[in-house]
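**Student:** model the structure of this input:
(one chain, ligands or ions: 2)
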Amino acid sequence: MRIGILGGTFDPIHIGHLIAAINARDELNLEKVLLVVANQPWQKVTVRQITPSEIRFAMVKEAVQSLQGLEACDLEIARGGLSYTADTIAGIKRTYSEPEIYLLVGTDVAKELSTWERVEEFRNDVHLVVVSRPTEDAQDSDQFMDPIRSLEEDELASSLLGWKASFLTVPALAISSSHLRHRVKANKSLDFLVPQSVIDIIYSNKLYC
Ligand code: ATP
Ligand code: MG
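**Tutor:** Ligands and ions are numbered 1, 2, ... in the order given. The predicted model follows:
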């Protein structure tokens, strides 16, 4: 079974995550794409207050409800404690028989892979797929035609030696959960940036204000 894994804090999930997952599903012929909700993302816990994992999971579940092949995964929440990809990959290998695992990461995350814990435990077990993600000040998708950008991609590719890695370009959406949290705080609309059912959860739980 060809399985994609998109891990994240999803605080909140947004259309950038969904477009990445849907395009990976189609381009890589994945039967499933698991959106794995981090329990306590070790990179973020000391930096800001994170929304309780059950609420973040509920938002992801709502968001993928009608999307073929996309599934909310609570493996890291069920495990509890800090969330490490090494444990998650081990869990996926126990759950599915002979899974072919495609680990999906945005460009920003790919640049930080060398800081991840215990990568040697799963590096050989996954295909790493670097999904294009514009920087937040990017205004249009033309940056992907830009030679500067491909230079950056070359640099990134050479930093990923040792991984079975490939690049996937998806429609560019310069949005992030951080940006959306700020929008809520500033009383700006989330319409079309986040599914309506997720917006409802954000407002009813008074998140991010
Ligand atoms: P935050 O601003 O809180 O860090 P985020 O928008 O970066 O939130 P995460 O939950 O950190 O969301 O990201 C989960 C995964 O989705 C990461 O691999 C990230 O690179 C990827 N991702 C997030 N937003 C996009 C986007 N707009 N386009 C492509 N990939 C994205
Ligand atoms: Mg992020």
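**Student:** show me which residues of stretch 61-78 are buried.
**Tutor:** Lys61, Glu62, Ala63, Val64, Gly69, Leu70, Ala72, Cys73, Asp74, Leu75, Glu76, Ile77 (16 or more other CB atoms under 10 Å). C-beta here means a position set from N, CA and C on the backbone, and glycine is covered the same way.
**Student:** what residues does this protein put near ligand 1?
**Tutor:** 6, 8-11, 16-17, 20, 105-106, 108-109, 131, 133, 173, 175-178 (CB under 6 Å from any ligand atom).
**Student:** so which helix or strand of this protein has the lowest pLDDT on average?
**Tutor:** helix 147-159 (a mean of 74; mean pLDDT, DSSP states H and E).
**Student:** ok so Ile13 is a helix residue?
**Tutor:** No. Counting by DSSP: H, G, I helix; E, B strand; the rest coil, Ile13 falls outside a helix, being coil.
**Student:** what about this structure, any weak spots by pLDDT?
**Tutor:** Scanning the chain for pLDDT under 70 picks out 137-151.
**Student:** so where do the strands sit in it?
**Tutor:** 2-8, 32-37, 40-41, 70-73, 82-83, 100-106, 126-131, 164-168 (DSSP state E).
**Student:** about what we covered before: restricted to buried residues, select the residues of the chain next to ligand 1 in ChimeraX.
**Tutor:** The buried subset of the residues of the chain next to ligand 1, as determined by 16+ other CB under 10 Å, is captured in ChimeraX by this line:
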select :6,8,9,10,11,16,17,20,105,106,109,131,133,173,175,176,177
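**Student:** which among the strands of the chain is found nearest to Ser189?
**Tutor:** strand 2-8 (22.7 Å; CB to CB).
**Student:** CA atoms only for that closest one, dumped as PDB, please.
**Tutor:** The C-alpha trace of strand 2-8 is given here as PDB (Å, rounded to 0.1, in the frame of the first residue of the first chain):
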ATOM      1  CA  ARG A   2       1.300   3.400  -1.000                       C
ATOM      2  CA  ILE A   3       0.800   5.700   2.000                       C
ATOM      3  CA  GLY A   4       1.600   9.400   2.200                       C
ATOM      4  CA  ILE A   5       2.200  11.000   5.600                       C
ATOM      5  CA  LEU A   6       1.800  14.700   6.200                       C
ATOM      6  CA  GLY A   7       2.700  15.500   9.800                       C
ATOM      7  CA  GLY A   8       1.900  18.800  11.300                       C
END
